Each structure stands twice: as C-alpha cells, then as structure tokens.
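**Q** quick one: sequence plus predicted model below, questions after.
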Amino acid sequence: MDLGIAGRKAIVCASSRGLGKACARALAEAGCEVVINGRDAKTLNATATELSGITGTKITAVVADVATPDGQKLLLAACPQPDILINNNAGPPLRDFRELTRAQMLDGVTANMIVAIELIQKVIDPMTQRKFGRIINITSAAVKAPLAGLDLSSGARAGLTAFLAGVARTVADKNVTINNILPGAFDTDRLRGTLSKTAESKGKSITQVAADRIATIPAKRFGDPAEFGAAAAFLCSAQAGYITGQNLLIDGGTFPAAF
C-alpha cells in the first residue's frame with residue numbers, strides 16, 4: 001500500500017534504537033524525511049547512517065534530551081513544522097512504589113506525560129492550518145493492564161492518554177489525528193535489560209526467564225519491532241485520517257479482553 005506520505009516531514013523522539021528506531025525506519029521507507037533523536041551521539045549517528053543507507057531518505061540526527069526545554073528547541077529547530085510527530089521516551093525503571101521519592105515521581109510524570117503534551121502544543125496549530133497532521137504517542141500495554149513496580153510509568157502514561165483523548169476530538173475536522181500505541185513485550189534492548197534483572201533477582205538464566213515470559217503470550221513469541229513500526233506508519237498514513245483518539249494495543253494477545 002502507498003501510504004500517501006512521501007515527502008512529509010516527521011519527528012520521531014527517542015529513536016536511536018528499539019521501537020522508536022523501527023518507527024523512524026518505517027516512515028523513511030514510506031518516503032518521509034525523518035528527524036531522529038537520542039542522547040547518545042554515537043548510537044544516534046550510527047542509526048542515522050544506517051537508516052539513510054537502507055531507505056535512501058534524508059535522515060537528520062538531533063542529539064538532545066526531549067525532556068528538557070533546550071532539547072525540544074533543538075528538535076524543532078531541525079524540523080520547525082513537522083507533519084508527523086511520534087512521541088516516545090524511556091519509562092522509569094522497575095521500582096517498588098514505596099521507594100519513590102517526590103522528585104522521582106515528578107521526573108517520571110514529566111518524561112512520560114508532560115513532554116509529549118509540550119511537543120504537541122508546539123506543533124498542532126501549524127498542522128491544523130495545513131490540514132494534515134499525524135501524532136502518535138508510544139505508551140505501554142501497562143496503561144490497560146498496570147504492573148506492580150511499573151506504577152509510575154503506568155500512571156504517567158495513563159494520564160497522557162486521558163489528557164489527549166479530548167484534545168484529539170478538537171482537531172479531527174482539520175485532518176489532524178492523535179493516537180496511542182500500547183506495546184507489549186517487544187524484542188528490544190529495554191526488554192532484554194528487564195529480563196536480565198529478573199534473571200539475576202530470581203537466580204535463573206536469562207533463557208529460562210525469557211521462556212517463562214513467552215509462555216504468558218498467546219502468540220508464543222516476543223514482538224518484532226518492525227511490526228510495531230509498520231503499524232505506526234499506517235496510523236501516520238493518508239488513509240488513517242478517520243482514526244483518532246484510539247489506543248492500539250500490540251501485545252500478541254496478552255491482554256485477555258474483548259474490548
């Protein structure tokens with residue numbers, strides 16, 4: 001399918017690796033000019049070179065922390081009026097809620113809720129004026145099925161979901177959509193890190209911990225980031241203008257509900 005977005009300009013936050021990188025690649029393959037972002041210059045520049053070589057599309061790397069005002073300025077200086085914005089940021093580490101300090105809670109809410117809202121504030125009016133905009137927030141399956149230890153991540157991302165549900169309806173008539181993608185267990189560095197910590201705490205091998213986790217997933221495997229990127233690219237497509245305010249759960253069937 002031709003997604004109808006060739007030549008569009010996209011910003012993909014936290015995209016030097018993992019699901020963000022997969023989204024950037026899928027958009028570049030669809031013909032978008034993509035600004036990618038990360039805090040590690042070496043990794044980010046390597047990703048930019050890789051994606052440019054694979055897709056033949058213009059890839060601009062912006063080394064910045066989008067959780068900061070200066071980081072957001074750098075991102076928007078590289079792409080002042082994006083047609084597509086994919087919000088993404090790493091979640092807080094696994095931690096018992098009793099251990100959370102006030103500062104940690106505020107940092108978590110800033111990183112996983114406020115930053116996305118701030119970026120949307122900056123790009124949404126030009127999108128409505130041009131009568132095209134696609135905004136996607138990468139949240140988490142934990143928004144629908146919170147997990148103990150990820151309470152801060154779940155709470156902040158659920159707050160973002162509720163905040164933007166109303167906003168999405170105010171710009172739908174301008175061909176601007178806002179949707180959320182809720183990933184389950186995908187084969188990323190973050191998942192491998194979590195499996196490693198779990199293995200260490202339980203005295204098991206990483207292989208066994210991974211097998212135990214896979215056994216809980218009806219698809220009996222971890223997700224491929226490319227699958228996630230393809231879904232994101234479709235929601236950014238010209239054909240997806242009638243889809244807004246939605247939460248797309250991609251978890252291999254793990255969440256056991258019909259709705």
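**A** That came through fine. Numbers count the residues shown, from 1 in each chain.
**Q** neighbouring contacts of the least confident helix or strand in the chain by mean pLDDT?
**A** None of the helices or strands of the chain scores lower by mean pLDDT, DSSP states H and E than helix 189-202, at a mean of 90. Identification of contacts with helix 189-202 by Cβ atoms under 8 Å, 6 or more residues apart in numbering yields 17-18, 90, 94, 185, 204-206, 208-210, 213, 222. Where you see a C-beta, it was placed from the backbone N, CA and C, and this is true even at glycine.
**Q** can you check stretch 90-103 too?
**A** Contact partners of stretch 90-103, identified using Cβ under 8 Å, 6+ apart, comprise 14, 104, 107-108, 111-112, 140, 148-153, 157, 190, 194, 197.
**Q** which helix or strand contains Val62?
**A** Secondary structure from DSSP states H and E places Val62 in strand 59-63.
**Q** let me redo that: Ala233
**A** Using DSSP H and E, Ala233 maps to helix 225-235.
**Q** one step back: which helices and strands does the next helix or strand after the strand holding Val62 pack with?
**A** Next along the chain after strand 59-63, taking DSSP H and E as the criterion, comes helix 69-78. Judged by 3 or more Cβ pairs under 8 Å, 6 or more residues apart in numbering; DSSP states H and E, helix 69-78 is in contact with strand 9-12, strand 33-38, strand 59-63, helix 115-130.
**Q** wait, which of these is closest to Gln72?
**A** Closest to Gln72 of these, according to Cβ to Cβ: helix 115-130, at 6.2 Å.
**Q** hmm, back to that, just send the helices and strands packed on helix 69-78 back as CSV, with mean pLDDT, mean neighbour count and distance to Gly53 too.
**A** As requested, the helices and strands packed on helix 69-78 are exported to CSV (pLDDT from 0 to 100; neighbours: other Cβ atoms under 10 Å; distance: least, Cβ to Cβ, whole Å):
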stretch, mean pLDDT, mean neighbour count, distance to Gly53
strand 9-12, 98, 26, 17
strand 33-38, 98, 26, 14
strand 59-63, 98, 20, 9
helix 115-130, 98, 18, 28
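**Q** which of the contacts of stretch 90-103 fall within strands?
**A** Among the contacts of stretch 90-103, no member falls in strands (DSSP state E).
**Q** got a quick PyMOL command for the buried subset of the residues you listed?
**A** PyMOL command restricting those to the buried ones, with burial defined by 16 or more other Cβ atoms under 10 Å:
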select buried, resi 14+107+108+111+112+140+149+150+151+152+153+157+194
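**Q** list the residues that contact Gly38.
**A** Neighbouring residues of Gly38 by Cβ under 8 Å, 6+ apart: 14-17, 44, 47, 61, 63.
**Q** kindly recompute the last result at 6 Å.
**A** By Cβ atoms under 6 Å, 6 or more residues apart in numbering, Gly38 lies in contact with 16, 44.
**Q** re the thing from before, residues contacting the strand holding Val62, please?
**A** 34-37, 41, 44-45, 48, 51-52, 74-75, 78.
**Q** having no further points to raise, I will conclude here.
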